[in-house]
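> Task: produce atomic coordinates for the following.
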Amino acid sequence: MKVAFYTLGCKVNQYETEAMREAFISAGHIAVPDSAPFDAVVINSCTVTAESDRKTRQAVRHFRRENPDAIIILTGCMVQAFSDEAKALCDADIVAGNTDVEKIVGYAEKFASDGERIFEVSEHTKEERFNTPSLSSFAERTRAYMKIEDGCDRFCTYCIIPTARGRVRSKPLEEIKSEAEKLSKAGFVEIVLVGINLTSFGLGENMDLCDAVDAVCSVEGIKRVRLGSLEPDHMSDEMLKRLKAQEKFCPQFHLSLQSGCDETLKRMNRHYDTAFYRDLVNRIRNMFADAAITTDIMVGFAGETPEEFAKSLEFVRETGFAKAHVFAYSRRSGTVAYGLPGQVSRSEKAERSKRMIETAQKSESEFLNRVVGKTVAVLFETAHSGFAEGYTANYSRVKVKSDDSHCGEILNVKITSAENDCCIGEII
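All right, here's what the predicted structure looks like:
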């Protein structure tokens, strides 16, 4: 059968979609774009916010309406966390949790055979091991994601992810190196290590995140290794020193902040305060030349007063992030924060989001302008409208005027200007 794929959410979800794509191909099926005619479509859902759930429901309705005879397969975090709501989406022929992505192919083949609706959601268990299959390729031509960790034990008061993903479990080091070798042979030169709580990699298994970085860096052909989102309180000096020793490591640190106010952080059950975060940022900048500090910032969390928001805004302003993802708090049933007093109105969240985004964009502009005049190495990935685009080691986006895409090449570029969210340069 011809199978299409539609992914919502994070890089881990994108990786798991690729794993399902490879599983279908290995079983003799054909992977096609979701815009092409297909016999089945896999919708990999996200549930980090209520908006994510809305988009999932919308996707199910859209694909059913546009493809009335196709098999609609719904899987992912929304299904795992809110199985009753997912089961009620009658347009989905198969509703399956995220505990074992390899089973999706069997479910599709069974439904194609007998036409009986399938609902399979198994709870995560403490004994569960890392079981996401490795990849031999990835959709992007020059950068591949590698999922090396799943689950989270932190239980932030706003977050449903521990329910959706279970406890921490890690990919064995030998499998990490083997997968990196396959990806290198497939032509990938950069690998981004991702996980649900990436800095918990190796918890209880006598290994840590640096071991995973070392394993990938040891593979010939891999020229860059980058990390996904990081929990600040897990970043020790010893870890930073080991990362610094790896020439292939990219100095971009996505340190999830959530709030720049200590009172708010405490209600969130975050395991650090602003003084710790500030000190970590300073240590990274002292150790890594041209390090980029990127982050996530939530506004309008339960109980966030105007004064608390002002503290958060000022902290973001003084930190000077290279880039920040700003989003409004979304109540999730099943979390502690759902019932907390002081819920902020939608209009106030929108206003705070606007102000925080403006502050973050100003910081990003200042960061990019500091690159002007420098010569940097750029890994080129795409080309359109007479420009080739790529990223520096610290993940600054760069455009150069060129008739050649240079895809997969790492070239030196002199930065001549910065505009909006990218740098403009000339290939040396």
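
> Residue 108 versus the residue with the largest distance to the centre of the chain, what's the distance?
No residue in the chain sits farther from the centre than residue 114, which is 36.7 Å out by CA atoms, centre = their mean. Here the criterion is CB to CB, to the nearest Å. By it, residue 114 lies 12 Å from residue 108. All C-beta spots, glycine's among them, are computed from the backbone N, C-alpha and C.

> Next: residue 43.
Distance from residue 43 to residue 108, by CB to CB: 12 Å.

> Need the residues touching each of these two.
residue 73 (CB atoms under 8 Å, 6 or more residues apart in numbering).

> can you pull the buried residues of stretch 135-144?
For stretch 135-144, burial by neighbour count (16 or more other CB atoms under 10 Å) applies to 135, 137-138, 141-144.

> among these, which are in strands?
Applying DSSP state E to the buried residues of stretch 135-144, the entries found in strands are 143-144.

> got JSON lines for the buried residues of stretch 135-144, with pLDDT too?
Formatted as JSON lines, the buried residues of stretch 135-144 follow (pLDDT from 0 to 100):
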{"residue": "135", "pLDDT": "88"}
{"residue": "137", "pLDDT": "84"}
{"residue": "138", "pLDDT": "82"}
{"residue": "141", "pLDDT": "66"}
{"residue": "142", "pLDDT": "77"}
{"residue": "143", "pLDDT": "88"}
{"residue": "144", "pLDDT": "93"}
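
> Might one say that residue 126 is in contact with residue 168?
No: if you go by CB atoms under 8 Å, residue 126 and residue 168 don't touch, sitting 10.3 Å apart.

> Tell me where the model's unsure across this protein.
140-141 (pLDDT under 70).

> biggest helix in it, by residue count?
helix 346-369 (DSSP state H).

> Return the alpha-carbon coordinates of that helix using CSV.
Output of helix 346-369 as CSV, limited to C-alpha atoms (Å, rounded to 0.1, in the frame of the first residue of the first chain):
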residue,chain,number,x,y,z
ARG,A,346,-6.4,34.4,27.3
SER,A,347,-6.2,38.1,26.4
GLU,A,348,-3.5,38.8,29.1
LYS,A,349,-1.5,35.8,27.9
ALA,A,350,-1.6,37.2,24.3
GLU,A,351,-0.4,40.6,25.5
ARG,A,352,2.4,39.1,27.5
SER,A,353,3.4,36.8,24.6
LYS,A,354,3.6,39.9,22.3
ARG,A,355,5.9,41.7,24.7
MET,A,356,8.1,38.7,25.4
ILE,A,357,8.4,37.9,21.7
GLU,A,358,9.5,41.6,21.0
THR,A,359,12.1,41.4,23.7
ALA,A,360,13.4,38.0,22.4
GLN,A,361,13.5,39.2,18.8
LYS,A,362,15.6,42.2,19.8
SER,A,363,18.1,39.9,21.6
GLU,A,364,18.3,37.7,18.5
SER,A,365,18.9,40.7,16.3
GLU,A,366,21.7,41.9,18.6
PHE,A,367,23.2,38.4,18.6
LEU,A,368,23.3,38.2,14.8
ASN,A,369,24.7,41.7,14.4
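
> Which SSE is immediately downstream of it?
For helix 346-369, the following helix or strand on the C-terminal side (DSSP states H and E) is strand 375-384.

> so what strands line up beside that following strand?
strand 387-391 (antiparallel), strand 410-419 (antiparallel) (DSSP bridges).

> Adding mean neighbour count and distance to residue 297, write these out as TSV.
As requested, those are exported to TSV (neighbours: other CB atoms under 10 Å; distance: least, CB to CB, whole Å):
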stretch	mean neighbour count	distance to residue 297
strand 387-391	22	22
strand 410-419	17	22
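
> For the stretch 151-300 of the chain, which segments count as helices?
161-165, 173-185, 209-217, 237-244, 262-268, 274-287 (DSSP state H, counting those that start in this stretch).

> just to revisit the earlier point, could you tell me the phi and psi values at the residue farthest from the centre of the chain?
Dihedral pair for residue 114: phi -120, psi -10, per degrees, to the nearest 10.

> ditto for residue 323
phi -160, psi 150.

> Spatially, what comes nearest to it if we skip its sequence neighbours?
residue 294 (4.4 Å; CB to CB, 6 or more residues apart in numbering).

> One more: residue 176?
Nearest non-adjacent residue to residue 176 (CB to CB, 6+ apart): residue 215, at 4.7 Å.

> Which residues are in contact with residue 219?
Contacts of residue 219 by CB under 8 Å, 6+ apart are 177, 180-181, 184.

> count of residues packed around the residue nearest to residue 176?
23 (other CB atoms under 10 Å).

> just to revisit the earlier point, reformat the strands paired with strand 375-384 as CSV; add distance to residue 60.
Below are these laid out as CSV (distance: least, CB to CB, whole Å):
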stretch, distance to residue 60
strand 387-391, 33
strand 410-419, 39
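
> what about the residue lying closest to residue 383 once chain neighbours are set aside, is that helix, strand or coil?
Leaving aside its sequence neighbours, residue 383 sits nearest to residue 405 (CB to CB, 6+ apart; 3.4 Å). What DSSP: H, G, I helix; E, B strand; the rest coil gives for residue 405 is coil.
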